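1. Have a look at this prediction, sequence included:
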Amino acid sequence: MKKNKIRVGISLGDYNGIGPELILKTFSDSRMLEFCTPIVFASGRIFSYYSNMLKIGDLPINLINHADDAQKKKINIVSVWREETKIQPGQPTLESGKYAYLSLKHAVDNLANNKFDVLVTAPVNKKFIQSKNFDFKGHTEFLASYANEDNPLMMMVTENLKVALVTVHEPLKEVPKIISKDLIVKKIEALHHSLITDFLVKKPKIAVLGLNPHAGDGGLLGDEEDKIIRPAIQEVKEKDILAFGPYPADGLFGNARLLHEFDAVLAMYHDQGLTPFKALYFSEGVNFTANLPIVRTSPDHGPAYEITGKGIADITSFRNAVYLACDIFHNRKFYKELSANPLPKANIKE
């Protein structure tokens with residue numbers, strides 16, 4: 001039986017960044033339109049401007065008013081706004097931030113109404129998107145609030161490495177005040193669940209990082225490992241979750257053999273996890289928001305204003321975000337069907 005094409009909703013991001021280029025170049029490959037049906041929430045004028053600037057012609061663009069009107073094998077653009085906007089490639093503005101929010105809001109509203117299946121978000125500028133309607137530190141927090149989920153999990157994903165975070169967009173000085181045993185337990189449990197349902201790992205093994213250099217070095221360099229992190233690991237082990245650590249971040253990421261023994265790594269804070277991840281996989285990694293009822297991915301980079309309009313943006317991460325969103329959608333469906341119809345236990349007589 002052939003699978004139905006997944007409908008991929010896409011928010012534009014900051015139109016003065018590389019978002020429009022990523023979308024146009026990704027779906028200018030006709031094979032991508034065979035793979036899924038893109039539905040972009042934006043303005044036709046934005047894509048007309050960038051397709052002319054980047055000299056990308058003969059695209060099967062379908063301008064529509066509603067997501068219901070999307071067609072297969074087309075780049076469907078839902079007209080979120082029709083008024084003219086000032087396009088300034090490479091320059092973030094309050095106006096481009098305003099329309100980045102409008103695109104995102106229309107996309108999530110349509111997703112909530114089952115108008116498409118998965119959401120891929122192009123990069124925004126976290127400062128210029130701020131408004132009375134968007135008082136969040138990023139996509140992760142906005143989507144968690146929209147879904148009324150108090151334990152979202154930010155993950156960076158490639159085939160070879162998955163890194164999740166306990167704290168996300170928090171100032172470093174605040175991290176020791178935020179982490180607690182209960183919070184770490186919740187994040188380990190969310191990561192464990194995601195590995196099973198989203199990635200179909202049967203019995204995940206999770207490496208948990210320490211907070212301090214050398215994972216505290218026996219209390220010499222900090223006591224959070226002994227007071228908070230180890231007790232959290234012990235608690236989840238009692239729930240039959242295979243979590244290990246705490247490991248020093250440099251020791252784990254510097255030891256490829258040890259690192260590859262685990263299905264995922266849980267880092268305590270943003271740069272502890274993302275710096276080594278991006279050093280290894282920057283061009284291909286994907287940002288995935290786990291532990292939400294919806295599937296949302298994005299490329300693992302920002303708007304890249306310094307190269308906007310030059311036609312040199314690497315689409316690999318964005319394209320992988322589309323692939324991963326579709327894979328997770330199928331995996332969740334498969335896991336749900338498998339769980340709903342387990343094989344009956346056989347009564348074996350001795």
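-> Structure's in. What do you need? Numbering: from 1, shown residues only.

2. now the longest helix along the chain: mean pLDDT?
-> In the chain, taking DSSP state H as the definition, the longest helix is helix 316-340. What helix 316-340 shows for mean pLDDT is 95.

3. Give the buried residues for that helix.
-> 316-329, 331-332 (16 or more other C-beta atoms under 10 Å). Quick note: C-beta positions are derived from backbone N, CA and C, even for glycine.

4. Which other helices and strands does that helix contact?
-> Helices and strands touching helix 316-340, as assessed by 3 or more C-beta pairs under 8 Å, 6 or more residues apart in numbering; DSSP states H and E, comprise strand 6-11, helix 19-27, helix 30-35, strand 36-42, strand 118-121, helix 181-197, strand 286-290, strand 296-299.

5. partners of the first one, with directions?
-> Taking DSSP bridges as the criterion, strand 6-11 forms sheet pairs with strand 36-42 (parallel), strand 118-121 (parallel).

6. Identify whichever of those lies nearest to Asn110.
-> Nearest to Asn110, of all those, is strand 36-42, at 7.2 Å by C-beta to C-beta.

7. From the rest of the structure, what touches that closest one?
-> Here strand 36-42 makes contact (C-beta atoms under 8 Å, 6 or more residues apart in numbering) with 5-12, 15, 20, 23, 27, 32, 47, 67, 70-80, 103-104, 106-107, 110, 115-116, 322, 326.

8. Buried only: go through those residues for me.
-> Buried members of the contacts of strand 36-42, counted by 16+ other C-beta under 10 Å: 6-12, 15, 20, 23, 27, 32, 47, 67, 70, 74-78, 80, 103-104, 106-107, 110, 115-116, 322, 326.

9. hang on, the earlier thing: please tell me how far the longest helix of the chain is from the chain's geometric centre.
-> Its chain's C-alpha centre and that of helix 316-340 lie 12 Å apart, by C-alpha atoms, centre = their mean, to the nearest Å.

10. For Cys65, give me its contacts.
-> Not Cys; residue 65 is Asn. Listed by C-beta under 8 Å, 6+ apart, the contact set of Asn65 reads 78-79.

11. what's the distance between it and Ile77?
-> Asn65 sits 10 Å away from Ile77, going by C-beta to C-beta, to the nearest Å.

12. Thr26 now?
-> For Thr26, the distance to Ile77 - C-beta to C-beta - is 14 Å.

13. next one: Ala290
-> 29 Å.

14. likewise Pro293?
-> For Pro293, the distance to Ile77 - C-beta to C-beta - is 26 Å.

15. Which residues lie in contact with Asp198 in this structure?
-> 288, 290, 328, 331-332.

16. My error: substitute Thr26 in the last question.
-> Thr26 touches 32, 315, 318-319, 322, counting by C-beta under 8 Å, 6+ apart.

17. ok, 6 Å please
-> 32, 315, 318-319 (C-beta atoms under 6 Å, 6 or more residues apart in numbering).

18. Excluding residues flanking it in the chain, which one is nearest Phe262?
-> Take Phe262 and drop its neighbours on the chain: the residue closest to it by C-beta to C-beta, 6 or more residues apart in numbering is Ala207, 4.2 Å away.

19. Ok, Gln130 next?
-> Gly97 (7.1 Å).

20. just Glu224 next, same as before
-> Spatial nearest neighbour of Glu224, chain neighbours left out: Leu211 (4.5 Å); criterion: C-beta to C-beta, 6+ apart.

21. Wasn't that neighbour part of a strand?
-> No. According to DSSP: H, G, I helix; E, B strand; the rest coil, Leu211 belongs to no strand; its state is coil.

22. State the number of residues packed around it.
-> Applying other C-beta atoms under 10 Å, we find 24 residues neighbouring Leu211.

23. So for it, what pLDDT did the model give?
-> The model's pLDDT for Leu211 equals 96.

24. Tell me how far it lies from Val166.
-> Noted for Leu211: a distance of 9 Å to Val166, by C-beta to C-beta.

25. Same check on His270?
-> To Val166, His270 is 10 Å away according to C-beta to C-beta.

26. more crowded one of these two?
-> It is Val166, of His270 and Val166, that has more neighbours when counted by other C-beta under 10 Å, with 29 against 18.

27. Show the backbone phi and psi for that one.
-> phi -80, psi -50 (degrees, to the nearest 10).

28. Could you tell me which residues within stretch 85-102 count as buried?
-> Under the neighbour-count criterion of 16+ other C-beta under 10 Å, stretch 85-102 has 85, 87, 89, 92-93, 96-102 buried.
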